[in-house]
Structure formats: C-alpha cells, structure tokens
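J.: the following block contains a protein sequence and its predicted model.
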Amino acid sequence: MTVFAAARALGAVVSVAQGTQVALQPAGVGVNMAPGQALQPLDQLIDQFANIMLAASVSFGIQRLLLEVGCHWTVSAALSVAVLTIALLHWRNKPERLRWLQPVLVVLLVARFAVPISALGSEALYRAFMAEEYRKELAVLNASPDKVSGLKGAEPAGNESVLQRWKSKLPDLKGSYEAILAAASEWPRTMVKLIALFTLQTIVLPLVFLWLVVHLGQLAVRAPRRTSEGR
C-alpha cells in the first residue's frame, strides 16, 4: 500500500504537469499550447504500475485472510482430531478405514500450515535478499514527485512586451520539462524492479511454499500407509 500510494502521488503530479496550458497572444492573436501532453506515456506507465501495486496489495490481503482462517481454533481442533483418529486406526491395524481420512488430513495440513509457512518463508527471503533493494527503489519513487512538482506556467507581467513574455515563458517550461524527463529516466527501471519484487513475493514464493507443504503432507500421509502395507 505504501508503494501504491507513492505511485498515485507521482501520477497526480504528472497529471497536473500534463494538463499545463500556456496562453500567449503575440500580435493580438491568441495561441493556446499544451506542451504537457508529451507526458501522456509517462502518465500511462505510472497508472499501470499503480494498478499492479494494487493487485499486489490485494494478494497480501488474501494471504492475511487465509492466515487468520488457518490459525482459527476450529482448524487446529479438526487437525488434532484427524491425527488422533489416524493414529488410533493404525494402532488397531485397520488401514482400510484410512482412505477417506488421508485426503482430509492433507487438506487440514495445507489449511493449517501452508499460508503460515509461506508467509514466514517469504518474509525471511525478503529480509535476506530484497529489503535493501526495496528501500532504495521506494526512496527513488518517493522523491520523484518533488522533482516534478515545480512545473508552473509563468504568468507574464502586464507591462512586458511580447518578446519579453515569450522569453519569460519558454525557458521556464523548457527547464521544467527537461527536469521531468531527466527524473523520468529512472522510473521504468524502478517500477520494473518493484514489480518483479512484488510478483516474486506475492505469487511465485507463495506457490512454491504451497507446493512444498502439499508435497510434504502427501509424504507424511503415504509413509504410514506403506508401513501398514509392509506389515
């Protein structure tokens, strides 16, 4: 949400710069210019980036909801009952009754441990390899609005000539847009890195840890079955 808010703040500043218009009246003829329209590709890039960050925030929210569901006492109680029941059936040597309990056990193991393990694993990898990169790129993104917020169309004084009015306007606009374009040269790299970071943390790593928990759960269920079949 911090990155999403920073992207929206930057987008608001660029949108204001994009809508800047200059009204001149050389020789009594009115001329309106909108040089800020050249910033439309940057505005679209920032808007798409903000949408991706919003999707990442939704993914984090879903994972948090699943974490609360998995940690609920009813899931823990159901898992305990399933484990005790399977242990009792193994002790009584009745493996034929385990077939319907084993899928239930796998589902409960995934519900109870998949999201917590995924959250802990993602957080550990983030702190070890991605935290510094995230802070650096977020600092670039947060500093970007200050670099472009100075765009203003200069208002000519009434006692200035037409030539003086042109000279007072055009250099300011040129310098402002050059500053925006210079700052914008860092934005694609920063946004791509942040997209890659959040894609890894919200999609790739959760799927990897989910597969790992499911695989371990299946191995844990199959091991007692093989033992009982060997007997």
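T.: Alright, I've got the coordinates. Numbers count the residues shown, from 1 in each chain.

J.: could you pull out the strands for this structure?
T.: 22-24, 31-33 (DSSP state E).

J.: now the closest residue to residue 52 other than its chain neighbours: how far from residue 8?
T.: Spatial nearest neighbour of residue 52, excluding adjacent residues (CB to CB, 6 or more residues apart in numbering): residue 195 at 5.6 Å. Using the backbone N, CA and C atoms, a C-beta is placed for each residue, glycine as well. Distance, residue 195 to residue 8, using CB to CB, to the nearest Å: 16 Å.

J.: cool, residue 140 as well?
T.: Applying CB to CB to residue 140 and residue 8 gives a distance of 16 Å.

J.: contact partners of stretch 47-63?
T.: If you take CB atoms under 8 Å, 6 or more residues apart in numbering as the criterion, stretch 47-63 is touched by 1, 3-4, 7-8, 11, 115, 118-119, 191, 194-195, 198-199, 201-203, 206.

J.: and that stretch, what's its mean pLDDT?
T.: Mean pLDDT, stretch 47-63: 88.

J.: buried stuff in that stretch?
T.: Neighbour counts over stretch 47-63 (16 or more other CB atoms under 10 Å) mark 49, 50, 52, 53, 56, 57, 59, 60, 63 as buried.

J.: what is the nearest of those to residue 90?
T.: Distance to residue 90, by CB to CB, is smallest for residue 63 among the buried residues of stretch 47-63, at 34.3 Å.

J.: any idea how far that closest one lies from residue 56?
T.: 11 Å.

J.: quick revisit: buried members of the contacts of stretch 47-63 into PyMOL, please.
T.: This is how PyMOL selects the buried members of the contacts of stretch 47-63, with burial counted by 16+ other CB under 10 Å:
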select buried, resi 3+4+7+8+11+115+118+119+191+194+195+198+201+202+206
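
J.: please flag which of the contacts of stretch 47-63 sit within helices.
T.: Judged by DSSP state H, helices contain the following of those: 3-4, 7-8, 11, 115, 118-119, 191, 194-195, 198-199, 206.

J.: residue 186 contacts residue 139, correct?
T.: No: contact criterion CB atoms under 8 Å: residue 186 and residue 139 do not qualify, at 11.0 Å.
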